[in-house]
Structures are given as C-alpha cells and as structure tokens.
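1. here is my input, please return the structure:
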Amino acid sequence: MGFFSLAKMAWRNLWRNTRRTLITLSSIALAVMFSILGAGMNDRVWKDVIDVAARMGGGHVTIQHPEYADKPTLTRTVMDVEKRAAQALKNDNVSRVVPRIVGQTLLSTAYDSFGAGFIAYDPQIEDNDTLSILEAVKTGEAFSSPDQRGILLGATLARNLGARIGKKVVYTMTNKNGEIVHGLARVTGIIKSGSPSVDLGLCLLPIGAVRKELGYARNEATQVALFLRDNRHSDLVARQLGAQLGGKYEALNWQKSQPDLDSMIAMKKGGMVFFELLILTLCAAGIFNTVFVSVMERMREFGVMMAIGFSPWRLFTLVMLESFWLAMVGLVAGAMITIWPYRYLNTTGMDLSEIYGGEKVELAGIGMSSVLKVEIYPESAWSIAVVVVIATLLSGLYPAWRAGRLNPVDAIKLV
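-> This is a model prediction of the structure:
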C-alpha cells in the first residue's frame with residue numbers, strides 16, 4: 001500500500017468517530033484563533049510603541065557622535081547633517097531623515113525654575129509623522145520658522161512655571177565650548193499629551209535659535225534621526241549606514257539607542273510567547289488524549305491488519321497521518337473562525353478608554369492610543385502554524401509507537 005493510499009485511509013479513519021473528531025478540531029481551531037489574535041495584538045502593540053518612541057526620540061535609526069551614547073552632552077555633535085541625510089535617503093528602507101538637538105535645560109520664569117529635557121527641531125521639515133508630540137499642541141501653535149524665538153511647554157511644566165501663551169521663558173544650557181548660555185523665548189503653545197512624563201518634563205525649541213545659542217554651525221546637530229518604512233529593518237539599516245560612515249559617526253538602531261524600551265519589549269514578548277505555548281500545550285494534551293483513545297479502541301483491528309501483512313512501520317505512519325490531518329483541518333478551521341474577529345480588531349479595534357478612566361495609556365513613558373488593534377506579522381503567523389503542526393504530530397507520536405509495537409496474536413484476542 002502506497003503513501004497516498006495510507007493518507008486516504010487515515011482521512012477516513014479520522015471521521016469514523018465524527019463527534020470526537022469535531023471536539024478535537026474545535027480545540028485546535030480555538031487554540032489557533034487565540035494564538036493568532038494574541039500574537040497579532042502583541043505585534044501591533046509593540047510596532048506602535050516602537051514607532052511612537054521613534055517619533056518622540058531619535059527615530060528608528062540614529063546617527064550620532066561615537067562618544068555621545070556614553071556621555072550625552074551638547075559638545076558631541078554631528079557635522080554636515082544634510083550630507084548625512086542625503087546619504088541615508090539612498091537606502092530604500094528609509095522614508096524620512098531629520099536633524100535634531102536633544103539635551104537638558106533649566107527653564108526659568110519670574111515665578112519659578114524647573115529642569116526639563118528639550119528637543120530642538122526644524123519646523124520646515126518636521127511634522128506629526130516624525131515628531132508625534134506636535135499632535136499634542138492643544139493650546140497655541142507650533143513654530144513656523146527654525147529661527148523663531150519660541151518655546152512649546154508641557155502642560156504640567158507650564159503650570160509649574162506659571163507660564164502662559166505669550167509669556168517669556170529663559171532657558172539655560174551648556175554650549176559647545178562648555179560655557180553656560182541663556183536663551184529667551186516666548187511660549188507659543190502648550191503640549192497636552194496625557195502622558196505625565198511628557199507634560200511634566202519636556203519642551204520643544206526651534207533648532208535655528210538653539211544653534212545660535214550653542215554656537216553650532218548651520219549644518220550641526222546632536223543627532224540625525226532616520227525613520228523607516230518598517231521598524232524591523234532597523235538593524236540592517238544601522239549596519240549598512242555604519243559601514244558607510246567609516247567610524248567618524250555611529251549609526252544606532254532603536255534597540256541600542258533605547259535599551260530600556262528594548263528590554264521591556266523583549267520581556268513582554270517572552271510573556272506572550274509563554275501564554276501562547278501554554279494554550280497550544282493544553283491543546284496538544286487534548287489531541288494526545290483523542291489519538292491515544294482512538295488507538296486503544298482499535299487495537300484488535302490493528303492486530304488483524306498486521307496479521308494480513310500490514311507492517312509495523314505502515315501502522316505507525318497511518319496513525320501519524322491521522323494526527324497530521326487533525327493538524328491541517330484544525331489550522332484551516334482556526335483560520336476561518338479567526339477571519340471576522342481579526343478583521344474587526346484590525347480595522348475598528350477595541351476602545352479601552354473606559355477601562356483606563358478616560359486617561360491616555362502609557363507604556364514605558366510612551367503615550368499610546370487607548371484603541372486596541374491587531375496586526376500580525378507573516379513570520380508570527382507561520383510560527384503559529386508550524387508549532388500547531390509539530391504539537392499535533394508530537395501528540396500522536398506515542399500512540400503511533402504503541403500501535404507499531406503491537407503483537408498481532410495478543411491484539412486479536414482483545415475484545
């Protein structure tokens with residue numbers, strides 16, 4: 001009997017006890033559905049976290065001074081940023097490149113003084129797609145020129161400083177030569193992001209005005225931020241760009257420029273993988289029970305088959321094929337019942353704002369949307385499919401081994 005004949009026989013055997021088979025297939029399908037939705041939620045959430053973090057910080061890939069990571073000071077800069085930008089844009093994975101000056105400053109008004117982080121950006125080349133904080137400017141307006149003497153303050157920071165639209169704020173920082181310098185700006189807008197860390201400890205400044213105060217050249221910045229079409233290519237782009245820079249500057253992927261975020265994502269992903277494996281393990285236990293009981297019920301039948309010339313290897317293959325058919329049909333059924341919930345969660349999503357009391361969701365200090373959506377990467381879907389098939393085949397391994405080791409005489413005597 002050939003392999004295809006065995007496969008056909010295994011398919012028929014699968015439906016000899018339709019009720020038991022359907023129950024087993026239901027468990028596989030549900031396990032597939034929950035795994036796909038869980039992985040899709042995981043992939044989408046962390047994709048959004050990475051993209052938002054990139055839009056709040058140094059992009060998916062950051063070009064900076066090789067010593068900046070060890071000691072981030074305003075004296076360690078990148079020169080010829082336009083040249084670096086043109087170099088980066090030759091890479092097909094790169095969509096946008098922007099220069100920024102990032103550092104710490106002391107903000108003072110007649111009312112009080114507070115320390116804060118600042119991002120100096122060029123309003124003529126940046127927008128909400130590269131600097132997400134601009135979306136949170138609810139009062140006033142953002143800058144219109146890189147040389148404008150303005151400042152955007154977080155809502156809590158503005159309140160602590162007693163600053164309002166049009167009021168003067170003095171910012172103090174250390175220039176390129178290590179000297180203390182002061183700049184004067186008027187508040188043009190208030191940032192209300194809903195993220196406590198942003199509203200309390202961040203301000204935005206126009207890059208041209210900051211360059212003048214720090215003594216920077218027109219083409220000088222502390223970093224060049226690259227934004228990619230797909231954040232999964234950040235390591236590849238960083239390595240390619242690093243080779244082109246020749247050691248004068250370094251190109252860091254977001255994992256290296258934001259190691260705390262990378263560690264948190266790795267830990268959370270590990271927890272999600274454990275949850276998915278737990279679901280599939282429970283499913284595999286159910287499959288093992290079904291296949292084992294099926295084999296034990298057919299011991300006499302298998303004994304007769306072996307008595308008329310059916311080899312132990314063919315019997316082993318027959319039972320394994322039954323497990324294979326269970327996996328395949330279970331995968332198809334799982335995919336079919338996943339289509340509607342996946343499509344709904346992918347397009348509309350689930351609004352969790354009521355759960356969070358109307359406040360903005362924050363992960364690792366990054367403000368996120370309260371609408372939960374799913375979007376699974378192809379490799380995640382393939383890994384689930386492979387794990388389901390392997391788990392199902394492993395579940396059938398011991399019953400198939402038992403069937404292959406039958407003594408025909410003893411098996412035929414069984415009632």
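
2. what comes up buried for whatever helix or strand P99 lives in?
-> In the assignment (DSSP states H and E), P99 maps to strand 94-108. Neighbour counts using 16 or more other CB atoms under 10 Å place 94, 96-103, 105, 107-108 of strand 94-108 among the buried residues. Just so you know, the C-beta spots here come from the backbone N, C-alpha and C atoms, and that holds for glycine as well.

3. out of those, who's nearest S27?
-> Within the set of the buried residues of strand 94-108, V94 lies nearest S27; the separation is 45.6 Å, counting by CB to CB.

4. that closest one contacts A225, correct?
-> No - at 10.6 Å, V94 does not count as touching A225 under the criterion of CB atoms under 8 Å.

5. which residues sit against stretch 10-18?
-> Contacting residues not belonging to stretch 10-18 are listed as 21, 294, 318-319, 321-322, 324-326, 329 [CB atoms under 8 Å, 6 or more residues apart in numbering].

6. switch the cut-off to 10 Å
-> Around stretch 10-18, the neighbours that count as contacts under CB atoms under 10 Å, 6 or more residues apart in numbering are 20-25, 290, 293-294, 297-298, 301, 317-326, 328-329.

7. export it as CSV, just CAs?
-> Provided in CSV are the C-alpha atoms of stretch 10-18 (Å, rounded to 0.1, in the frame of the first residue of the first chain):
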residue,chain,number,x,y,z
ALA,A,10,-6.1,8.0,7.6
TRP,A,11,-8.6,10.6,6.4
ARG,A,12,-11.4,8.1,6.5
ASN,A,13,-10.4,6.8,10.0
LEU,A,14,-10.5,10.4,11.2
TRP,A,15,-14.2,10.6,10.6
ARG,A,16,-15.2,7.2,12.0
ASN,A,17,-16.0,8.9,15.2
THR,A,18,-17.2,12.2,14.0
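
8. pLDDT of that stretch, averaged?
-> Along stretch 10-18, the predicted confidence averages to a pLDDT of 87.

9. check which residues of that stretch are buried.
-> Buried residues in stretch 10-18, counted by 16+ other CB under 10 Å: 10, 13-14.

10. for the helix or strand harbouring I63, packing partners?
-> Assigning secondary structure by DSSP H and E places I63 in strand 61-64. Contact analysis of strand 61-64 by 3 or more CB pairs under 10 Å, 6 or more residues apart in numbering; DSSP states H and E lists helix 81-88, strand 94-108, strand 223-228, helix 234-245, strand 250-253, helix 254-257 as its packing neighbours.

11. 7 Å instead, please
-> Counting contacts by 3 or more CB pairs under 7 Å, 6 or more residues apart in numbering; DSSP states H and E, strand 61-64 is packed against strand 223-228, helix 234-245, strand 250-253.

12. ok, residues contacting the first one?
-> Applying CB atoms under 7 Å, 6 or more residues apart in numbering, the set of residues contacting strand 223-228 from outside is 54, 58-64, 78, 81, 84-85, 88, 93-100, 102, 130, 234, 237.

13. and the shortest one, by the same measure?
-> The contact list for strand 250-253 (CB under 7 Å, 6+ apart) reads 61-64, 66, 234-235, 238, 241-242, 245.

14. what do you get for the longest one?
-> Counting by CB under 7 Å, 6+ apart, helix 234-245 makes contact with 60-61, 63, 87-88, 91, 93-94, 226, 228, 250-254, all of which sit outside it.

15. for those residues, pick the one with the most neighbours.
-> Of the contacts of helix 234-245, V61 is surrounded by the most neighbours, 33 neighbours in total, counting by other CB atoms under 10 Å.

16. the nearest residue to that residue once chain neighbours are set aside and A31: what is the separation?
-> Sequence neighbours aside, L226 is the residue nearest to V61 in space, at 4.1 Å (criterion: CB to CB, 6 or more residues apart in numbering). L226 sits 40 Å away from A31 when distances are taken as CB to CB, to the nearest Å.

17. equivalent analysis for L214, please.
-> Per CB to CB, L214 is found 58 Å from A31.

18. do T172 as well
-> The separation that T172 has from A31, given CB to CB, amounts to 59 Å.

19. re earlier: how much space separates the residue nearest to V61 from S323?
-> According to CB to CB, L226 stands 48 Å off from S323.

20. re earlier: farthest pair in the buried residues of strand 94-108?
-> V94 and S108 (39.0 Å).

21. which of the contacts of strand 250-253 has the most neighbours?
-> Within these, V61 tops the neighbour count with 33 neighbours, counted by other CB under 10 Å.

22. show me where the stretch 201-350 of the chain has its helices.
-> 207-214, 234-245, 254-257, 259-297, 299-307, 312-347 (DSSP state H, counting those that start in this stretch).

23. low-confidence ranges, this protein, go.
-> Low-confidence segments of the chain, defined by pLDDT under 70, are located at 1, 353-370, 411, 413-415.
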